[in-house]
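Participant: Have a look; sequence and predicted model below, questions after that.
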Amino acid sequence: MAYTTINKSTDHFNTKLYSGTGAIQTVSGVGFEPSWIWTKSRTNTGNHQITDQVRGLTKYIRTNATNAEDTKTNAVTAVNSDGFVLGADSSNDINASGQTYVSWNWKANGAGSSNSDGDTTATVSANTTSGFSMVYYNTGGSGTQSMGHGLGSAPELIITKPTQNTESWYVYSKTLTHSNILKLNATDASSSSGVYAYAPTDSVFSVSNSAIGGYNGVMSYCFKSIKGFSKFGSYTGNGSADGTFVYTGFKPAFTLIKRSAGGTESWYINDNKRSATGGTNPNHYYLLPNDSAAEGTSTSLKIDLLSNGFKIRNTDTSYNTSGSTYIYMAFAEAPLVGSNNVPANAR
């Protein structure tokens with residue numbers, strides 16, 4: 001029996017490295033037309049820059065800040081079937097000459113379309129095959145309102161940012177329940193909040209207008225696990241260098257990890273492209289979504305990306321305090337077994 005309907009993970013998510021030029025350039029090799037592009041300078045301090053097709057490619061928001069969105073007409077200027085085009089933006093954020101960059105790319109459904117499943121009509125760009133959607137909507141007044149997410153079943157992780165206002169990034173995880181949140185822009189532990197008013201359903205998710213502020217222009221990125229391609233969950237640290245193994249059912253290409261309680265730790269991104277040894281284990285090249293710092297390379301923060309999951313190989317509190325809970329999101333380099341019944345190779 002086939003393990004997953006996704007035969008090639010890189011048709012839906014891919015990490016692409018590139019070098020800045022300070023001039024117009026096309027970044028190719030993504031493998032699809034990206035709907036959501038997350039870029040970060042590896043070699044220098046610079047903002048994590050998020051652009052997407054729903055809000056328009058000239059609009060960007062920063063995961064490491066609470067700022068409202070800004071407009072850049074010379075950053076990401078276009079997308080194509082294999083990547084994106086950068087303008088002559090010479091800032092550290094996206095295309096400075098002599099710097100190296102990483103881009104994490106997701107495929108949704110382009111600019112999206114109107115969705116009236118909830119109380120409020122939203123613009124939704126959904127990829128039901130990969131379990132990812134982008135939802136853009138307005139809030140207002142008090143009480144709660146619901147929006148359609150377009151995924152067909154309840155999202156397990158939702159990242160929300162009011163784009164027109166100075167406001168945090170609010171993260172819902174099914175492992176925390178809807179009444180608790182984390183902030184992508186901060187090191188805070190999870191806290192009780194009314195941002196997500198109810199647990200999401202198969203068709204909608206709900207927010208509290210009063211908690212978010214009754215803003216116009218709110219963006220939510222929604223995710224649900226797809227067997228063999230993505231997984232969103234939690235693990236418990238053991239405090240040992242022979243750390244916890246987390247089964248995902250695929251070879252991870254990307255992990256985002258955050259201690260959810262008992263300490264104020266950063267978020268950590270590891271991927272299969274950034275390492276000194278061409279993607280082999282241990283993986284210890286990390287970036288922090290809540291911080292503008294350049295790429296870290298400490299060997300005391302190493303993990304292994306394996307054929308069927310990931311294993312913590314450090315005792316640092318950021319990944320592995322004994323008894324502490326950590327949430328994660330993971331996307332596949334390759335499924336453990338694809339719909340063609342071909343097994344993935346171990347590293």
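Facilitator: Here it is on my side, so go on.

Participant: Next, the residues that contact the worst-scoring helix or strand of the chain on mean pLDDT from outside, please.
Facilitator: One helix or strand of the chain scores below all others by mean pLDDT, DSSP states H and E: helix 209-212, with a mean of 89. Where contact means CB atoms under 8 Å, 6 or more residues apart in numbering, the residues beyond helix 209-212 that reach it are 139-145, 160, 162, 167, 170, 193-195, 197, 218. In short, each C-beta sits where N, CA and C put it, glycine included.

Participant: Among the residues you listed, find me the one that's closest to Gly31.
Facilitator: Thr160 (28.0 Å; CB to CB).

Participant: Can you classify that closest one by secondary structure?
Facilitator: Per DSSP: H, G, I helix; E, B strand; the rest coil, the local secondary structure of Thr160 is strand.

Participant: just the contacts of helix 209-212 now: which is nearest Ser9?
Facilitator: Closest to Ser9, out of all of the contacts of helix 209-212 and judged by CB to CB, is Thr160, at 25.7 Å.

Participant: number of nearby residues for the closest one?
Facilitator: For Thr160, the neighbour count with other CB atoms under 10 Å is 24.

Participant: again with Thr43
Facilitator: 15.

Participant: Surely it is within a strand?
Facilitator: No: using three-state DSSP, the assignment for Thr43 is coil, not a strand.

Participant: which intervals of the protein have sub-threshold pLDDT?
Facilitator: Confidence mapping of the chain against pLDDT under 70 gives the ranges 1-4, 276-279, 336-347.

Participant: show me where it has helices.
Facilitator: Counting by DSSP state H, the chain has these helices, from start to end: 209-212, 317-320.

Participant: Of those helices, flag the one that's most buried.
Facilitator: Of all these, helix 317-320 carries the top mean neighbour count, a mean of 22, counting by mean count of other CB atoms under 10 Å.

Participant: so what does it touch, helix or strand wise?
Facilitator: strand 250-259 (3 or more CB pairs under 8 Å, 6 or more residues apart in numbering; DSSP states H and E).

Participant: Spit out the contact partners of Gly98.
Facilitator: 19-20.

Participant: Now it. Its backbone dihedrals?
Facilitator: phi 90, psi -10 (degrees, to the nearest 10).

Participant: ok, back up a step: please indicate which of the contacts of helix 209-212 are buried?
Facilitator: 139, 144-145, 160, 162, 167, 170, 193, 195, 197, 218 (16 or more other CB atoms under 10 Å).

Participant: and the residues you listed as a markdown table, adding distance to Gly56?
Facilitator: Output for those, formatted as a markdown table (distance: CB to CB, whole Å):
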| residue | distance to Gly56 |
| --- | --- |
| Thr139 | 20 |
| Thr144 | 28 |
| Gln145 | 24 |
| Thr160 | 19 |
| Pro162 | 17 |
| Glu167 | 19 |
| Tyr170 | 22 |
| Ser193 | 29 |
| Val195 | 25 |
| Ala197 | 28 |
| Val218 | 15 |
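
Participant: Of the residues you listed, which belong to strands?
Facilitator: Residues of these located in strands (DSSP state E): 144-145, 160, 162, 170, 218.

Participant: of the residues you listed, closest to Glu69?
Facilitator: Nearest to Glu69 among these is Pro162, at 9.5 Å by CB to CB.

Participant: which residue packs closest to the closest one, ignoring adjacent ones?
Facilitator: Tyr215 (4.2 Å; CB to CB, 6 or more residues apart in numbering).

Participant: Show the contacting residues for the one you found.
Facilitator: Residues in contact with Tyr215 (CB under 8 Å, 6+ apart) are 138-139, 162, 164-165, 167.

Participant: Now with 7 Å, please.
Facilitator: 139, 162, 164-165 (CB atoms under 7 Å, 6 or more residues apart in numbering).

Participant: quick check, nearest of those to Thr248?
Facilitator: Thr248 has its nearest neighbour among the contacts of Tyr215 in Pro162, at 31.5 Å by CB to CB.

Participant: Now that that closest one has come up, it's in contact with Gly214, right?
Facilitator: No: at 9.5 Å, Pro162 does not count as touching Gly214 under the criterion of CB atoms under 7 Å.

Participant: Phe254 against Thr15, yeah?
Facilitator: Yes: counting by CB under 7 Å, Thr15 is a contact partner of Phe254 at 6.3 Å.

Participant: Mutual contacts of these two, please.
Facilitator: Residues within reach of Phe254 and of Thr15 at once, by CB under 7 Å, 6+ apart, are 104, 271.
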